[in-house]
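>>> need the 3D shape of this:
(2 chains)
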Amino acid sequence: MSRVLCIAANTFREAVRDRVLYNLIAFALLLSAAAVLVGQISIDIERLVVVNLGLTAVSLFGVVIAIFIGIGLVSKEMEKRTLYTVLSRPVRRWEFVVGKFLGLARTLFVNTFFMAIGVFAALLYVSVPHRFQSSDAWILVALYFIVLQFVILCSLALLFSSFSSPLMSAVFTFALFVTGSFAEDLRGFAWMSHGLTRWLATGAAYLVPNFSALNVIGQVAHEQPIGTHLIAYNTAYALAYSATAICGAVLIFERRNLK
Amino acid sequence: MIAIETINLEKTYAVGFWRKKPRVALRPLSLTVEEGEVFGFLGPNGAGKTTTLKLLMGLVFPTAGSARILGFAIDDQRMKAQIGFLPEQPYFYDHLTARELLNYYGQLSGVPAKERSARVEQMLTRVGLSDSAGMQLRKFSKGMLQRVGLAQAVLHDPKVVFLDEPMSGLDPMGRREVRDLIEELKQQGKTVFFSTHILSDAEALCDRVAVIHQGELRGVGRVADLTSSVAGKVELIWNGSAVPAGFSALGAECHMSGATMRAVVPEAQQEAALEILRRERLRLISLTPVLFSLEEYFLQKVNSAAQPAGVVT
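Alright, predicted model coming up:
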């Protein structure tokens, strides 16, 4: 386990030193500008706009990082041959894959944590009077679901990265992100279809990650509560989906020749 | 005791769009290296040296055959704790400093935390990088990276060290330092297996060498035996400034150097050559058998036809 954590710590350090967290500056500027602008043009819906805009930005910034770091996690190490000196040590291939995954997940968690502070700061700024409401606690749930989305995306990027080029991995992961964001619609379509189309659509609907169930930004922005059963279901779903994708990545990587 | 053993180790890659075209990278290789030996694995570029090392490191999987290091299978984690590896033209995590990188590798190799810092500092000093230890590797020159590579390969005090082209891209000073390090490892009783195409290094350092070409083992031998073998020619040196009549007919290669002449003739023509010198009243300075150099052995093996596979020790 110590080797997994060591690899995870190195992956996190690499992301920090490669200035990945600089995206926080762009995020802070965007949110500050939005908060000031919203205060001037919106009447009574400032909070709704800031929560919507803030959480969407958190999600998009994280998705970009998850995909663009995730796709290089394994392939970059193979291309640069940094993997040679790691795998010639008493490090099992699964330890390497899991370590890389945990390192990226930690990067995204830290990134989201700082962006969340930004969202709450902007919310405080546009609130009159300047204080939080009890319903704002649901924003934390929305952020938790966003982190779960990142965890799934990281595992998918890692899976694709274990057998294809970075470009193809990016295409596959992004395609699944987009399709998964409409998973509920896909399930609705499958339910209305007949025959072979129904089978195919149902198969696709359950195969793609259900990101739409993890998107509660609209609900939270309208101060609607999130059920505890949904929190439990989404947690179990995200963990099971990621674990399956990581197992797939390990199975492929265990058999791969490093050229 | 045997440190490294390969038994019909073979690697074929499937290439082409449908991956149906075979490309043989290594033909069945059977080889043993004894503990404490410095073993040179010689071959031109693309001969299969790096493939062999990758197979031994478990980075690629053999198509057939097997290998054992220190008696363990190549995927055994207990074995991996006892070996060190320097890849060809190594790349490292360039966001790390040299000190951080060695610490990282020390952790992965299972060096106890208490010993790690001291070991890292000792290695940094050993490879002459203590002044640059806090600098990120992205600012390092190629020679400095090679030194870091050597440090990481021996940091955890391995019993067997694998070096893939360790002198490649180094200046004469750097090459000298690598040679010193390999000699030091030998004195410590370590087994060193290194691939190279720089024959002078192999001749100076190795106990035994193997020649590989086009993925095929062409020969193995002790350096001392190979370089003491007579090449079937003799060298004559005498005082004089012209080639005596009749020397050309003996198939001699003659060279003049100041007031002396040097000729290399086939051993069978030695007596005839001496007779010509006596007749011409020329003073013979020396008569010595011409010895094989490692380069000649290498070229002979590379140009020779393939040999049948078998265990070669």
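
>>> name the residues that touch the helix or strand of chain B with the lowest mean pLDDT?
In chain B, the helix or strand scored least confidently by mean pLDDT, DSSP states H and E is helix B:223-228, which has a mean of 77. Residues outside helix B:223-228 that contact it (Cβ atoms under 8 Å, 6 or more residues apart in numbering or on different chains) are B:40, B:202-203, B:206-209, B:291-294, B:297. To be clear about C-beta, it is placed using only N, CA and C from the backbone, and glycine gets the same treatment.

>>> if I've got this straight, residue B:285 is in a strand?
Yes. Secondary structure assignment places residue B:285 in a strand (DSSP: H, G, I helix; E, B strand; the rest coil).

>>> for the spatially closest residue to it that is not a sequence neighbour, list the residues it contacts.
Computed as Cβ to Cβ, 6 or more residues apart in numbering or on different chains, the closest residue to residue B:285 that is not its neighbour in sequence is residue B:237, at 4.5 Å. When contacts are counted by Cβ under 8 Å, 6+ apart, residue B:237 touches B:260-262, B:284-287.

>>> and residue B:237, helix, strand or coil?
strand.

>>> before we move on, what about residue A:184?
Under three-state DSSP, the three-state class of residue A:184 is helix.

>>> what is the burial count for the closest residue to it other than its chain neighbours?
Excluding the flanking residues, the one nearest residue A:184 by Cβ to Cβ, 6+ apart is residue A:212, at 4.2 Å. Here the neighbour count serves as a burial measure; for residue A:212 (other Cβ atoms under 10 Å in any protein chain shown) it reads 16.

>>> what of the one 10 residues further on?
Residues contacting residue A:222 under the criterion other Cβ under 10 Å number 12.

>>> residue A:168 too?
Other residues within reach of residue A:168 by the criterion other Cβ under 10 Å amount to 14.

>>> residue B:142 and residue B:72, how far apart?
For residue B:142, the distance to residue B:72 equals 34 Å [Cβ to Cβ, to the nearest Å].

>>> pretty sure residue A:198 contacts residue A:190?
Yes. In this structure residue A:198 lies within contact range of residue A:190 using Cβ atoms under 8 Å: 5.8 Å.

>>> domains of chain B?
B:2-227+B:297-303, B:231-291 (automatic domain parsing).

>>> which of those has the lowest mean pLDDT?
Across those, the stretch with the lowest average pLDDT is domain B:231-291; it has a mean of 86.

>>> need the longest helix for the chain.
Since no chain was named, I'll use chain A. Using DSSP state H to define each element, chain A has its longest helix at helix A:93-126.

>>> think we crossed wires, I meant chain B
For chain B, the helix that runs over the most residues, judged by DSSP H, is helix B:172-187.

>>> quick one: strands adjacent to the helix or strand just after that helix?
On the C-terminal side of helix B:172-187, the closest following helix or strand by DSSP states H and E is strand B:191-196. According to DSSP bridges, the neighbouring strands of strand B:191-196, each with its direction, are strand B:38-42 (parallel), strand B:160-164 (parallel).

>>> so residue B:103, which of the three states?
Taken by three-state DSSP, the conformation at residue B:103 corresponds to helix.

>>> could you find the closest non-adjacent residue to it?
Counting by Cβ to Cβ, 6+ apart, the nearest residue to residue B:103 once its immediate chain neighbours are dropped is residue B:120, at 5.6 Å.

>>> roughly how far apart are the one you found and residue B:174?
Distance check for residue B:120 against residue B:174: by Cβ to Cβ, it reads 21 Å.
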